[in-house]
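> got a structure for you, letters missing:
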């Protein structure tokens, strides 16, 4: 279990220490304080000095890291993305404002670097998704086969922050270079996300506590993002820059860079801890190749022997493809077709993120009443329905109010989805293989993300209505829902995982690579010994 925050940082914030300190101070002031007064002061000191997440340092670190990832992504996507679209249209000779006496911007057939300006974000998203899916096995190999998880987490955090800084200077002369830089920021961000998620199953061993933590992590991430966008909208309104996408981006990136730097620095220098290598590099492999071989062999064995986990990964592959693509596709759609300004894009995101809070709460209630699998399937049905409504009814700028309603519903579905999904994966992966199979979870969550964006881009380049393109995303949600229906009995999947029945997965991988003794069936005792040592 993760070390406690107060023990690791040296901060004395426990109830007994705080109470005794408070009591000593009170005794110095007045030796005649009554026992009732001391009891009241002791309770006050305990309440004031209660550590977040019960003193679980890595849980707090995961929450802070999630806040940084969310704010940096939102700054780059909402403000940076809007600025890039605006500048690409100008470069292609397209109108960016309605002609005098009209309310709509004329359609543009101009091209820049061989594509329509409206295809820019989805093209970048496709490239990022493909390369990220290819990089994740390598990162998983580093997690599994080296003791450098913490180091890679720190380095990737630094790289993300450093690459965010140039986004402050996006203008008509630098926009294309910044578009290329987006690719590198996204690659570094996915490496960092993979490292962060490797810590998630280890923050606690208690199922109820994990349910509370995963819901809390999602809520904290979205609330921090809402706060960021609200602050930006307020600042831009005061400065009169709500319609200036370039100036808006500059201010937003300054705030994003500062905030992300602070939370990443604190989380990765004070809260996350080192981990030993979970297994040795198999004979005949290297750290560079072991991850790809492990993904193939482990996926093959899961496909053959572990039905529940197999279908869960299938559900994640399709549902995450829809959910993650929705960001770039919807941003392109509302900016180009509904003519959203930077401020309106920000407001839509705020509404979406506010919706995630009741979504997380709904996830918790539905999970308790039915099962996490049924909860996850239900939220995908909601997301598919909202996407179909958006594709059918959002036809032009006069539909902006309905777009905000759809954003709220997407938010409820998104918060519901990720809370249910992360809880499920932490419960049904075989114990002792947490990092390996969490890496596989991230891999399947990324492996098809490129497909919806690619389909949307191809249709847009062919002149097909964007409404049809955005409607395609709903199909991915429905395919994900079908995957959850195939998972089977949730309680049985958890029982198998807790019993360690599926430890033969890694044993079989070891047999196929010729190095059975080096595989992760040998790692569980070592992991337990490490945790005992840390607790002592």
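Noted; the coordinates are in hand. Worth saying up front: this structure is predicted, and the values here are computed from it rather than measured.

> Tell me which stretches of the stretch 401-536 of the chain form helices.
Counting by DSSP state H, counting those that start in this stretch, the stretch 401-536 of the chain has helices at residues 434-446, 450-461, 466-485, 490-499, 504-513, 523-535.

> contacting residues around the fourth one?
Spelled out, it's helix 490-499. 306, 308-309, 371-373, 424, 427-431, 487, 502 (C-beta atoms under 8 Å, 6 or more residues apart in numbering). (C-beta placed from N, C-alpha, C; glycine too.)

> again, 10 Å this time
Contact partners of helix 490-499, identified using C-beta atoms under 10 Å, 6 or more residues apart in numbering, comprise 207, 306-309, 311-312, 367, 370-376, 424, 426-433, 437, 484, 487, 489, 501-502.

> and the helix or strand where residue 136 lies with helix 450-461, angle?
Here residue 136 sits within helix 120-145, counting by DSSP states H and E. Taking axes from the mean of the first three to the mean of the last three C-alpha atoms, to 10 degrees, one finds helix 120-145 and helix 450-461 inclined to each other by 170 degrees.

> roughly how far out does helix 120-145 sit from the chain middle?
Centre-to-centre, helix 120-145 and its host chain are 14 Å apart (C-alpha atoms, centre = their mean, to the nearest Å).

> in it, what counts as buried?
By neighbour count on 16 or more other C-beta atoms under 10 Å, the buried set for helix 120-145 is 120-133, 135-145.

> before we move on, the earlier item: which of the contacts of helix 490-499 are buried? Put it as a ChimeraX command.
Burial among the contacts of helix 490-499 is assessed by 16+ other C-beta under 10 Å; the matching ChimeraX selection reads:
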select :306,307,308,309,311,312,367,371,372,373,374,375,376,424,426,427,428,429,430,432,433,437,484,487,502
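
> Summarise which helices and strands the helix holding residue 136 is packed against.
Here helix 120-145 touches helix 81-91, helix 149-164, helix 175-199, helix 287-305, helix 307-336, helix 434-446, helix 450-461, going by 3 or more C-beta pairs under 10 Å, 6 or more residues apart in numbering; DSSP states H and E.

> Measure how the longest helix seen in the chain sits relative to helix 490-499, angle-wise.
Longest helix in the chain by number of residues, with DSSP state H as the criterion: helix 207-239. Inter-element angle recorded for helix 207-239 and helix 490-499: 110 degrees (by the same axes, to 10 degrees).

> List the buried residues of stretch 255-265.
Buried residues in stretch 255-265, counted by 16+ other C-beta under 10 Å: 255, 256, 257, 259, 260, 261, 263, 264, 265.

> pretty sure residue 404 contacts residue 344?
Yes: Residue 404 is in contact with residue 344 according to C-beta atoms under 10 Å; the separation is 8.8 Å.

> ok, these two, which is more surrounded?
It is residue 344, of residue 404 and residue 344, that has more neighbours when counted by other C-beta atoms under 10 Å, with 20 against 16.

> Output the contacting helices and strands for the one helix or strand that one maps to.
Using DSSP H and E, residue 344 sits in helix 342-369. Under the contact criterion of 3+ C-beta pairs under 10 Å, 6+ apart, helix 342-369 touches helix 57-74, helix 81-91, helix 207-239, helix 245-266, helix 307-336, helix 372-393, helix 400-428.

> could you dump these to CSV with mean pLDDT and distance to residue 170?
Listed next are these as CSV, based on pLDDT from 0 to 100; distance: least, C-beta to C-beta, whole Å:
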stretch, mean pLDDT, distance to residue 170
helix 57-74, 90, 15
helix 81-91, 84, 5
helix 207-239, 84, 15
helix 245-266, 92, 6
helix 307-336, 87, 15
helix 372-393, 91, 29
helix 400-428, 87, 25
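
> Looking at the ones you listed, which is nearest to residue 172?
Nearest to residue 172, of all the helices and strands packed on helix 342-369, is helix 81-91, at 5.7 Å by C-beta to C-beta.

> helices and strands around the closest one, which ones?
By 3+ C-beta pairs under 10 Å, 6+ apart, helix 81-91 packs against helix 120-145, helix 175-199, helix 245-266, helix 307-336, helix 342-369.

> how far is it from where the chain is centred?
26 Å.

> Could you list the buried residues of that helix?
Using 16+ other C-beta under 10 Å as the test for burial, helix 81-91 gives 81, 82, 83, 84, 85, 86, 87, 88, 89, 90, 91.

> what separates the second one from residue 460, distance-wise?
Counting by C-beta to C-beta, to the nearest Å, the gap between residue 82 and residue 460 amounts to 17 Å.

> Then the last one?
Here residue 91 is placed at a distance of 17 Å from residue 460 (C-beta to C-beta).

> Quick check: mean pLDDT of stretch 108-123?
Average pLDDT, stretch 108-123: 81.

> What residues of it count as buried?
Using 16+ other C-beta under 10 Å as the test for burial, stretch 108-123 gives 108, 111, 112, 115, 116, 117, 118, 119, 120, 121, 122, 123.

> Chain neighbours aside, what residue packs nearest to residue 168?
Nearest non-adjacent residue to residue 168, counting by C-beta to C-beta, 6 or more residues apart in numbering: residue 253, 4.4 Å away.

> thought residue 287 was touching residue 147?
No: using C-beta under 10 Å, residue 287 is not in contact with residue 147, being 11.9 Å away.

> what sits against the spatially closest residue to residue 404 that is not a sequence neighbour?
Ranked by C-beta to C-beta, 6+ apart and with sequence neighbours excluded, the top spatial neighbour of residue 404 is residue 351, at 5.4 Å. By C-beta under 10 Å, 6+ apart, the contact list for residue 351 reads 226, 229, 403, 404, 405, 406, 407, 408, 409, 410, 411.

> give me that answer again for 6 Å
For residue 351, the contact set (C-beta atoms under 6 Å, 6 or more residues apart in numbering) comprises 404, 407, 408.

> could you check the distance from it over to residue 441?
In terms of C-beta to C-beta, residue 351 sits 29 Å off from residue 441.

> go on, residue 60?
Relative to residue 441, residue 60 is positioned 23 Å away (C-beta to C-beta).

> Check what pLDDT residue 397 gets.
pLDDT recorded at residue 397 is 82.

> sec struct for the residue nearest to it when sequence neighbours are not counted, please.
Take residue 397 and drop its neighbours on the chain: the residue closest to it by C-beta to C-beta, 6+ apart is residue 339, 4.8 Å away. Of the three states, residue 339 takes coil under DSSP: H, G, I helix; E, B strand; the rest coil.

> what about residue 339, how many residues close to it?
There are 17 residues near residue 339, going by other C-beta under 10 Å.

> Equivalent analysis for residue 92, please.
Residue 92, neighbours per other C-beta under 10 Å, totals 18.

> what sits against it?
Counting by C-beta under 6 Å, 6+ apart, residue 92 has contacts 110, 111, 112, 117.

> Could you report the pLDDT at the residue nearest to residue 404?
We have a pLDDT of 87 for residue 351.

> Surely residue 233 is in contact with residue 346?
Yes: using C-beta atoms under 6 Å, residue 233 makes contact with residue 346 at a distance of 5.1 Å.

> So these two - more neighbours on which side?
Taking neighbours as other C-beta under 10 Å, residue 233 and residue 346 compare with residue 346 leading, 24 against 20.

> residues in contact with the more buried one?
So residue 346 contacts 78, 229, 233 (C-beta under 6 Å, 6+ apart).

> Nearest to residue 323, out of the residues you listed: which one, please.
Checking the contacts of residue 346 against residue 323 by C-beta to C-beta gives residue 78 as the nearest, at 16.6 Å.
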